[in-house]
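Novice: Compute the structure for the input listed below.
(2 chains)
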Amino acid sequence: DAGITQSPRYKITETGRQVTLMCHQTWSHSYMFWYRQDLGHGLRLIYYSAAADITDKGEVPDGYVVSRSKTENFPLTLESATRSQTSVYFCASKQGWGQGETQYFGPGTRLLVL
Amino acid sequence: RKEVEQDPGPFNVPEGATVAFNCTYSNSASQSFFWYRQDCRKEPKLLMSVYSSGNEDGRFTAQLNRASQYISLLIRDSKLSDSATYLCVVTPWNTGGGNKLTFGTGTQLKVEL
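Specialist: I've put the predicted structure just below:
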């Protein structure tokens, strides 16, 4: 089915380990985004990408790395996981612009860093 | 001050009731406005855009007041299935790319029998 998928859906890791969260979309949307959602903060933008090989920082990029070699994939890597990175991570892609924009979110990855 | 502020609730209402949520935003340059809905432990989904003239989609009505910098969402004839968290979302006109969305923390609605 077309859409946006994330893997893994759940992940437990230890402090200091590298973790990569995968995101794949089948619509060929140019823009893709990574958010984290924490109690009391709402969704916060980590990184976004306007197209393959074009990425930029969002509100909370520290400790994260992204790449986008193909339009459909936008992986997020935690280089050395910390407990503060325990969160729910959502990937999204965008259709439209301005008031006509819709962002489509993946189902999320729940990450626990011990 | 947060860029987007919402009353977290929960708003507990009986089925069939009318309920309204407000959201305030701090950036007067904000140009696009949305309501997203998020069910428990699920991803957010676009409920509706909020246009300057106000707009309606079935039982849902969204209003924008630029002078006071707030957005409202009115739900009429509440259904049990309306139980969710409603996220207020705004974005500046020119964010340098990506039309980056700023999310409120959400207002929780519980519709009861």
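
Novice: For chain A, which residues are neighbours of chain B?
Specialist: For chain A, the contact set with chain B under C-beta under 8 Å from any C-beta of the partner chain comprises A:31, A:33, A:35, A:40-45, A:48, A:50, A:56, A:58, A:90, A:94, A:97-103, A:105-108. C-beta: built from backbone N, CA, C; applies to glycine.

Novice: one more time with 7 Å
Specialist: A:31, A:40-43, A:45, A:48, A:50, A:56, A:58, A:90, A:97-99, A:101-103, A:105-108 (C-beta under 7 Å from any C-beta of the partner chain).

Novice: Can I get the buried part of these as one PyMOL selection?
Specialist: Selection of the buried residues among the residues of chain A next to chain B in PyMOL, burial being defined by 16 or more other C-beta atoms under 10 Å in any protein chain shown:
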select buried, chain A and resi 31+42+43+45+48+58+90+101+103+105+106+107+108
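
Novice: Keep only those of the residues of chain A next to chain B that are in strands.
Specialist: If you go by DSSP state E, the residues of chain A next to chain B have A:Gly42, A:Leu43, A:Leu45, A:Tyr48, A:Ala50, A:Asp56, A:Phe90, A:Thr102, A:Gln103, A:Phe105 in strands.

Novice: Can you give me the pLDDT of the first one?
Specialist: So the one you mean is A:Gly42. Listed pLDDT for A:Gly42 reads 86.

Novice: Which positions are bridged to B:Ile71 in the beta structure?
Specialist: B:Cys23, B:Leu64 (DSSP bridges).

Novice: swap that for B:Leu46, sorry
Specialist: B:Tyr36.

Novice: got a list of what A:Thr5 touches?
Specialist: Counting by C-beta atoms under 7 Å, 6 or more residues apart in numbering or on different chains, A:Thr5 touches A:His24, A:Gly106.

Novice: for B:Val4, same thing?
Specialist: B:Val4 neighbours (C-beta under 7 Å, 6+ apart): B:Cys23, B:Tyr25, B:Cys88, B:Val90, B:Thr102, B:Phe103, B:Gly104.

Novice: Kindly recompute the last result at 10 Å.
Specialist: A:42, B:23-27, B:30, B:33, B:71, B:87-90, B:101-105 (C-beta atoms under 10 Å, 6 or more residues apart in numbering or on different chains).

Novice: Mind checking which of the residues you listed land in helices?
Specialist: Here DSSP state H is the test, and the contacts of B:Val4 give no hits in helices at all.

Novice: taking those residues one by one, which sit in strands?
Specialist: Per DSSP E, the subset of these in strands is A:42, B:23-25, B:30, B:33, B:71, B:87-90, B:102-103.

Novice: OK, contacts around A:Gln103?
Specialist: A:Gln103 neighbours (C-beta under 10 Å, 6+ apart): A:4, A:29, A:31-33, A:35, A:43, A:90, A:92-96, B:34, B:36, B:43-46, B:89, B:99, B:101.
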